[in-house]
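In: sequence isn't available, so here's the structure alone:
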């Protein structure tokens, strides 16, 4: 059964320096509060994994938490670039960062392989590209039945997966609905998992198309209302578009970012 913890306790117990950490959520239910708690606890040398790193990864990179980023797309959605990410890549500020790029399909298949206990996944993507020359986790495999040469991508098995969901019960069973991405696969692929939730309830009511993670696959659950803000949580609050827009001038300048960081870590 998953342990019920505070956010600070969950990060302290589960996220360690040097870990490979996946904070997943697709436009919706992004675990922003957990990411900022990682910043406050000054974790270092992390490999950050995410299909679509947005502003929470910009914040983690700018705070010096990340040594490496494994991803398929990065940006401030609807606004523009991630300026702290760009500064790290182009100028090694506040530290150099290594990047490993994939397609969305490649990342999703890597999570599925990790969740399935398989060493790799097979897809027809990447054909005609030179990504395999630059990415050690992409290769080829020959189908034993047809002889077709296909793309193989290595499984993703993070040390810890962090996601946000609408609710959990007191036994640690987690329920989420609306637009979901690879949260389920990330949790199943990871050695440890922390789920932040909008509310903790006595019983989970049935929801159409809801994803339920049983408590025995989740390490810890933390009650963190508005833990996805400025992204949204369906049924709880809307996306805060003004926050995404305001992040652009904050992140463009090192001094303005430093002031933001001082406020978050105070």
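Out: Received, thanks. These figures come from a predicted structure and were not determined experimentally.
In: excluding sequence neighbours, find me the nearest residue to residue 265.
Out: residue 40 (5.2 Å; CB to CB, 6 or more residues apart in numbering). Glycine gets a C-beta too; all of them are placed from N, C-alpha and C.
In: can I assume residue 6 is in contact with residue 221?
Out: No: Residue 6 lies out of contact with residue 221 (CB atoms under 8 Å); the separation is 10.6 Å.
In: more neighbours, those two?
Out: For residue 6 versus residue 221, neighbours defined as other CB atoms under 10 Å are more numerous around residue 221 (29 against 13).
In: follow-up on the earlier one: now do the contacts for the residue nearest to residue 265.
Out: 8, 264-265 (CB atoms under 8 Å, 6 or more residues apart in numbering).
In: of those residues, which belong to helices?
Out: 8, 264-265 (DSSP state H).
In: out of these, flag the one nearest to residue 45.
Out: Closest approach between these and residue 45, by CB to CB: residue 265, at 18.1 Å.
In: neighbours of residue 74, how many?
Out: Residues near residue 74, counting by other CB under 10 Å, number 21.
In: not including adjacent chain positions, what is the nearest residue to it?
Out: Counting by CB to CB, 6+ apart, the residue nearest residue 74 is residue 53, at 4.5 Å.
In: please tell me the pLDDT value assigned to the residue nearest to residue 265.
Out: What the model reports for residue 40 is a pLDDT of 98.
In: what do you get for residue 103?
Out: Looking at residue 103, its pLDDT stands at 94.
In: for the one 5 residues further on, same thing?
Out: What the model reports for residue 108 is a pLDDT of 97.
In: picking that back up, overlap of the contact sets of residue 6 and residue 221?
Out: Residues touching both residue 6 and residue 221 (CB under 8 Å, 6+ apart): none.
In: pull the helix or strand with minimum mean pLDDT from this protein.
Out: When the helices and strands of the chain are scored by mean pLDDT, DSSP states H and E, helix 131-134 comes last with a mean of 88.
In: for it, name the packing helices and strands.
Out: Helix 131-134 makes packing contacts with strand 138-142 when contacts are defined by 3 or more CB pairs under 8 Å, 6 or more residues apart in numbering; DSSP states H and E.
In: packing partners for the strand it packs on?
Out: Counting by 3+ CB pairs under 8 Å, 6+ apart, the packing neighbours recorded for strand 138-142 are strand 120-123, helix 131-134, strand 149-154.
In: could I get those as JSON lines with mean neighbour count and distance to residue 87?
Out: Supplementary listing: the helices and strands packed on strand 138-142 in JSON lines, determined by neighbours: other CB atoms under 10 Å; distance: least, CB to CB, whole Å:
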{"stretch": "strand 120-123", "mean neighbour count": "18", "distance to residue 87": "33"}
{"stretch": "helix 131-134", "mean neighbour count": "12", "distance to residue 87": "22"}
{"stretch": "strand 149-154", "mean neighbour count": "19", "distance to residue 87": "29"}
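In: what residues are up against the closest residue to residue 228 other than its chain neighbours?
Out: Closest residue to residue 228 apart from its sequence neighbours, by CB to CB, 6+ apart: residue 164 at 4.6 Å. By CB under 8 Å, 6+ apart, residue 164 lies in contact with 25, 29-34, 195-197, 224, 227-228, 233.
In: let's see it at 6 Å
Out: 25, 29, 31, 196, 227-228 (CB atoms under 6 Å, 6 or more residues apart in numbering).
In: now the strands for the stretch 151-266 of the chain?
Out: Secondary structure of the stretch 151-266 of the chain (DSSP state E, counting those that start in this stretch): strands at 160-169, 174-176, 192-201, 211-213, 220-223.
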